[in-house]
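Q: generate a structure from the sequence data that follows.
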Amino acid sequence: MPVENFGHEHEFEPQYGLPERLPADEHIVWQGSPDAVALARSAFHMRKLFVYFALLFLACAWQAVESGAGIAAILQSVKWITPLSVVALASVWVLAWMTARTTVYTLTNKRVVMRLGIVLTVSFNLPLKRIAAADIRRLDAGFGDITLALHGDDRIAWVHLWPSVRPWRLRKTEPSFRAIADVQAVSAKLREAWSQATGLPGQAAAHDLAAHSPASLMQVSPA
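A: Residues are numbered from 1 along each chain as shown. Have a look, this model is predicted:
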């Protein structure tokens, strides 16, 4: 069964996170969404943006401070960068929050379903048998990403998946569970479901890897 996508408004979905009700022989193993804070930090780079605007703020104020100007002159020197910084950071945070709120990842005993999109919702159906490999990347506080490499010519446009996609894999995109909680437990469930669906053994990810380092979760040579 190939990878499929469904245009779908989630307000009318027959089952939460899914474009259709599951058949009798299929059940949900795990279902979750990105954590807004972890997603803002990892996918939307909020920390880097905060540092950038802080440095820009200091650069604007430095000349007035160095010349010994008063508070009024210092405030005048940063009058344009302050509202710009607030609006930019707030906009990125709202975008991250809305993305987390509208994204649902579902793992069943037969497939992975990704419901994505803030305005226009799209669901991607990834049969476990079409998944060739998976990697896990741990973030802070137990959060992390799980990326899925697809067999053969199966591919989805990067722009349709973002931010639920592995960074910098543009030609052969890898759909991803981004910024999910308890990523180690979720990876174990994915590995077990994949092994049962394919009849192949999964590879346990190493526990001693440093945070933010990708580790192989499961892999098989393409058919």
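Q: low-confidence ranges, the protein, go.
A: Of all residues in the chain, those with pLDDT under 70 make up the ranges 1-11, 68-70, 73-74, 77, 202-223.
Q: quick one: the helices in it?
A: Under the criterion DSSP state H, the chain carries helices at the ranges 36-42, 46-66, 71-77, 81-102, 158-161, 183-198.
Q: wait, which of these is closest to A149?
A: Using C-beta to C-beta as the criterion, the shortest distance between A149 and those is 11.9 Å, found for helix 183-198. Placement of C-beta: from N, CA and C, glycine included.
Q: center of the chain, which residue is that?
A: The centroid of the chain falls nearest to R178 when counting by C-alpha atoms, centre = their mean (2.5 Å).
Q: I figured that residue was touching D35, is that so?
A: No. Assessed by C-beta atoms under 8 Å, R178 is found out of contact with D35, at 9.3 Å.
Q: picking that back up, deepest of the helices of the chain, which one?
A: Mean neighbour counts were compared across the helices of the chain using mean count of other C-beta atoms under 10 Å; the top stretch is helix 36-42, at a mean of 21.
Q: pull the CA atoms of it into PDB?
A: Extracted in PDB, the C-alpha atoms of helix 36-42 (Å, rounded to 0.1, in the frame of the first residue of the first chain):
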ATOM      1  CA  ALA A  36       4.400  23.900  22.000                       C
ATOM      2  CA  VAL A  37       7.400  25.000  24.000                       C
ATOM      3  CA  ALA A  38       9.700  22.200  22.800                       C
ATOM      4  CA  LEU A  39       8.600  22.800  19.200                       C
ATOM      5  CA  ALA A  40       9.200  26.600  19.500                       C
ATOM      6  CA  ARG A  41      12.700  25.900  20.700                       C
ATOM      7  CA  SER A  42      13.700  23.100  18.200                       C
END
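Q: domain-wise, how is the chain divided?
A: Using automatic domain parsing, the domain ranges for the chain come out as 4-33+104-219, 41-98.
Q: tell me how far the first one is from the chain's mean position?
A: Between the centre of domain 4-33+104-219 and the centre of its chain there are 10 Å (C-alpha atoms, centre = their mean, to the nearest Å).
Q: the last one too?
A: The chain centroid and the centroid of domain 41-98 are separated by 26 Å under C-alpha atoms, centre = their mean.
Q: in contact with T147, which residues?
A: Listed by C-beta atoms under 8 Å, 6 or more residues apart in numbering, the contact partners of T147 are A134, D135, I136, R137, R166, R169, E174, P175, S176, P214.
Q: and the residue nearest to P14 when sequence neighbours are not counted, how many neighbours?
A: If the residues on either side of it in the chain are set aside, P14 comes closest to R21, at 5.0 Å by C-beta to C-beta, 6 or more residues apart in numbering. For R21, the tally of surrounding residues (other C-beta atoms under 10 Å) stands at 10.
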